[in-house]
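Colleague: Predicted model follows, preceded by the sequence.
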Amino acid sequence: MTVDRPVVVALGTVEPALVTGVLGEEVAFIADPSEPDIANAVGAIVRADAVVDVAFLERASRLRVIARTGVGVDHVDLPAVTARGIPVVITPGSGTRAVAEGVFALALHLVKRLGPSTDLVRHGRWTDRGQVSMGDLDGGTIGIIGYGRIGRRVGELATAFGMNLLAYDPFSAPPSEIAAPDVSELASASDVVTLHLPLTEETHHLVDDAFLDRVRPGTILINCGRGGLVDLDAAFAALESGRLAGVGLDVFDPEPPEHHPLFDHPDVVLTPHLMGMTRRAAAATFVDAARGIVDVLAGRRPATVANPEWLDALEEVRP
């Protein structure tokens, strides 16, 4: 496609109405790009499952900016992108409240035993209701691993539920009054554990057999962070033994995941990485991504990038 305006393409599903108003009439947005569109693109709005690797960069030789709708850059080759002086805009604030609400949607489903309770009514087993043991959030302790924007919002909501807070973050220390010295102590003191860390070599399978050996029987585990934070085999074993009373997962490794026996357990609730994509949050993240692209094309620094060293590399690659 030949156009006389800068081209921005979508990698993955992007609703044009959410971004064209921000990009403006001076930019041609293409939601379903062809190979010529990609070759001509100066910007790309990238969904979580889209891969931006060296092969893609060779196809998109005019690319000046990438905007990820979210914060995860697992599928973006950051060194290769940075070496070309291309910033990777991320949108960390747009889904914060939605993801935090999602944590409590999963936790309440499990703590309040909504699945088994629904089955009792649905199948006419009212007299068996004494067999369902509902729990409480009020008075319990929530252990928040990762105390960034989402972790802090989870803490605010947990306080409203009357919960006690513990937090651990290997990258940025939480306030001293709620800080756990390490993940082991957090595990042993929490009724609900929720994960909000980035996936790195150090955090991969953070929740493993050793971690789960420390949790108190009946703990609920929630992961709305990154799928690779949890060893599913270990979590399944902990469910089978009763060490865990429930597991709620919104994220997986890989995505979409291969089927795992954990998925069939009655005390597991699963959502397909949607908690940060409510109607309001989705609109906000697309708007933020488009704003980041506009900033870069206009010569301004975008608000938040995953590779702040892109400017140094840009100076080196400029002719």
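Modeller: Everything's here; your move. The model shown is predicted, which means the values in this text are computed figures rather than measured ones. Numbers count the residues shown, from 1 in each chain.

Colleague: after the lengthiest helix in the chain comes which helix or strand?
Modeller: Across the chain, the helix with the greatest residue count (assigned by DSSP state H) is helix 279-297. Where DSSP states H and E defines the elements, the next helix or strand beyond helix 279-297 is helix 310-317.

Colleague: Give the other helices and strands that the longest helix of the chain contacts.
Modeller: Counting contacts by 3 or more C-beta pairs under 8 Å, 6 or more residues apart in numbering; DSSP states H and E, helix 279-297 is packed against helix 16-23, strand 41-46, strand 65-68, strand 88-89, helix 96-111. Quick note: C-beta positions are derived from backbone N, CA and C, even for glycine.

Colleague: One more pass at 10 Å, please.
Modeller: In terms of contacts (3 or more C-beta pairs under 10 Å, 6 or more residues apart in numbering; DSSP states H and E), helix 279-297 is packed against strand 7-11, helix 16-23, strand 41-46, strand 65-68, strand 88-89, helix 96-111.

Colleague: angle of the third one against helix 16-23?
Modeller: Think strand 41-46. 130 degrees (axes from the mean of the first three to the mean of the last three C-alpha atoms, to 10 degrees).

Colleague: Let me have the helices and strands packed on helix 279-297 in JSON lines, adding mean pLDDT and mean neighbour count as columns.
Modeller: Output for these, formatted as JSON lines (pLDDT from 0 to 100; neighbours: other C-beta atoms under 10 Å):
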{"stretch": "strand 7-11", "mean pLDDT": "98", "mean neighbour count": "24"}
{"stretch": "helix 16-23", "mean pLDDT": "96", "mean neighbour count": "16"}
{"stretch": "strand 41-46", "mean pLDDT": "98", "mean neighbour count": "26"}
{"stretch": "strand 65-68", "mean pLDDT": "98", "mean neighbour count": "28"}
{"stretch": "strand 88-89", "mean pLDDT": "98", "mean neighbour count": "25"}
{"stretch": "helix 96-111", "mean pLDDT": "97", "mean neighbour count": "22"}
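
Colleague: Export the ones you listed as TSV, with columns for distance to residue 288.
Modeller: Putting the helices and strands packed on helix 279-297 into TSV (distance: least, C-beta to C-beta, whole Å) gives the following:
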stretch	distance to residue 288
strand 7-11	14
helix 16-23	9
strand 41-46	10
strand 65-68	8
strand 88-89	8
helix 96-111	12
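
Colleague: Of all these, which one is nearest residue 76?
Modeller: Among the helices and strands packed on helix 279-297, strand 88-89 comes nearest to residue 76, with 5.9 Å by C-beta to C-beta.

Colleague: Just list the residues touching the closest residue to residue 109 other than its chain neighbours, thanks.
Modeller: What sits nearest to residue 109 in space, not counting adjacent residues and going by C-beta to C-beta, 6 or more residues apart in numbering, is residue 269, at 5.0 Å. Counting by C-beta atoms under 10 Å, 6 or more residues apart in numbering, residue 269 makes contact with 105-110, 114-115, 222, 246-250.

Colleague: OK, contacts around residue 142?
Modeller: So residue 142 contacts 103-104, 107, 154-155, 157-159, 161, 163-167, 178, 186, 190-194, 220, 222 (C-beta under 10 Å, 6+ apart).

Colleague: Report the secondary structure state of it.
Modeller: Classification of residue 142 using DSSP: H, G, I helix; E, B strand; the rest coil returns strand.

Colleague: Quick check: bridge partners of it?
Modeller: Using DSSP bridges, the beta-bridge partners of residue 142 come out as residue 165, residue 192.

Colleague: gap between the closest residue to residue 268 other than its chain neighbours and residue 109?
Modeller: Closest residue in space to residue 268, ignoring its immediate chain neighbours: residue 247 at 4.9 Å, by C-beta to C-beta, 6+ apart. When distance is defined by C-beta to C-beta, to the nearest Å, residue 247 is 11 Å away from residue 109.
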